[in-house]
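Enquirer: Sharing a sequence plus its predicted fold:
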Amino acid sequence: MSHELRIQQLADDLGRLGCRPFHIPLGVMLDEANPRQSRCIRCETCDGHPCLVSAKSDAQVACVDPALEHPNVTLLTGARVEHLETSASGREVTRIVVERGGAVETYAADVVVVACGAINSAALLLRSASDRHPRGLANGSDVVGRHYMGHVNSVLMAVSKCPNRAALAGFLAHVRGPAGCGQPGDARP
Ligand SMILES: Cc1cc2nc3c(=O)[nH]c(=O)nc-3n(C[C@H](O)[C@H](O)[C@H](O)COP(=O)(O)OP(=O)(O)OC[C@H]3O[C@@H](n4cnc5c(N)ncnc54)[C@H](O)[C@@H]3O)c2cc1C
Ligand code: SF4
């Protein structure tokens with residue numbers, strides 16, 4: 001996505017200081033060469049808001065909505081998977097026990113994908129402990145749910161006398177790591 005005027009000026013200023021600012025990769029369906037064909041209309045409420053014209057390549061637009069167009073796909077909302085049960089061998093998931101609307105439901109499938117996010121996938125596996133899997137499913141190592149790490153981010157804030165009227169101001173990035181990346185001669189941006 002091309003920069004707005006003030007952001008381009010900022011990028012140019014940073015470039016003159018020897019930095020290598022770059023355009024943040026964005027999952028938006030913007031075709032600047034063919035604006036009439038572009039699904040993204042470059043509105044003023046992108047970051048932090050749902051896209052009202054479905055032009056963000058997010059999970060809803062790129063995966064869930066297209067999947068729901070198939071007649072054999074059903075999306076259950078308000079359904080919490082309580083635990084998974086396995087066969088006697090412990091090798092296959094045989095039942096998915098779900099709490100939905102205050103009632104318990106069970107499901108079964110040839111293929112079961114656990115995709116509850118990093119923390120809740122681990123919690124579900126741990127809740128699914130059984131005689132065959134006393135420490136939880138897929139937890140022979142006993143590290144499921146342990147050793148989480150966080151992003152290490154830093155923020156630089158500067159106040160400029162030059163007004164910034166850019167609507168999409170957050171799409172410029174600059175990386176500087178301990179190895180000096182971002183400086184002239186470095187391979188990385
Ligand atoms: C604040 C924040 C900002 C982020 N920003 C970015 C970004 O800018 N770019 C980027 O690429 N990534 C970003 N990420 C990371 C990205 O959002 C995640 O990596 C990604 O969403 C993970 O997708 P997922 O499908 O594995 O899990 P999720 O998107 O977490 O989906 C898991 C789903 O499972 C459901 N669930 C959980 N437990 C159960 C249960 N027991 N039964 C039924 N359903 C359950 C949850 O309700 C949820 O809907 C960000 C994450 C956070 C938290
Ligand atoms: S919210 Fe606006 S700028 Fe963002 S993808 Fe949708 S139309 Fe484009």
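Expert: Arrived safely. Keep in mind that this is a model prediction, so the values were computed, not measured. Ligands and ions are numbered 1, 2, ... in the order given.

Enquirer: gap between Ile119 and Glu82?
Expert: 16 Å (Cβ to Cβ, to the nearest Å). No exception for glycine: its C-beta is placed from N, CA and C like everyone else's.

Enquirer: Between these two, point out the one with more neighbours.
Expert: For Ile119 versus Glu82, the count of surrounding residues by other Cβ atoms under 10 Å is larger for Glu82: 16 against 10.

Enquirer: My guess is the more buried one contacts Val97. True?
Expert: Yes: between Glu82 and Val97 there is a contact under Cβ atoms under 8 Å: 4.8 Å.

Enquirer: Quick check: neighbours shared by these two?
Expert: Common contacts of Glu82 and Val97 (Cβ atoms under 8 Å, 6 or more residues apart in numbering): Val104.

Enquirer: what's the neighbour count on Ser54?
Expert: With neighbours defined by other Cβ under 10 Å, the count for Ser54 comes to 15.

Enquirer: Look up the closest residue to it, ignoring the ones flanking it.
Expert: Spatial nearest neighbour of Ser54, chain neighbours left out: Val61 (4.9 Å); criterion: Cβ to Cβ, 6 or more residues apart in numbering.

Enquirer: Over to the one you found. Which of the three states is it?
Expert: helix (DSSP: H, G, I helix; E, B strand; the rest coil).

Enquirer: can you check the one 4 residues further on too?
Expert: At Asp65 the chain is in helix, as set by three-state DSSP.

Enquirer: One more: Asn120?
Expert: Asn120 ends up helix, using three-state DSSP.

Enquirer: how about Leu124, what does it touch?
Expert: By Cβ under 8 Å, 6+ apart, the contact set of Leu124 is 81, 83-84, 114, 116.

Enquirer: That one: helix or strand, and which one exactly?
Expert: helix 117-127 (DSSP states H and E).

Enquirer: same question, Gln9
Expert: Going by DSSP H and E, Gln9 is part of helix 5-16.

Enquirer: give me phi/psi at His83?
Expert: Phi and psi for His83, reported as degrees, to the nearest 10, are phi -160, psi 170.

Enquirer: and it, how far is that from Pro21?
Expert: Between His83 and Pro21 the computed distance is 48 Å (Cβ to Cβ).

Enquirer: Compare these two (neighbour count), which wins?
Expert: Set His83 next to Pro21 and count neighbours by other Cβ under 10 Å: Pro21 wins out with 20 against 17.
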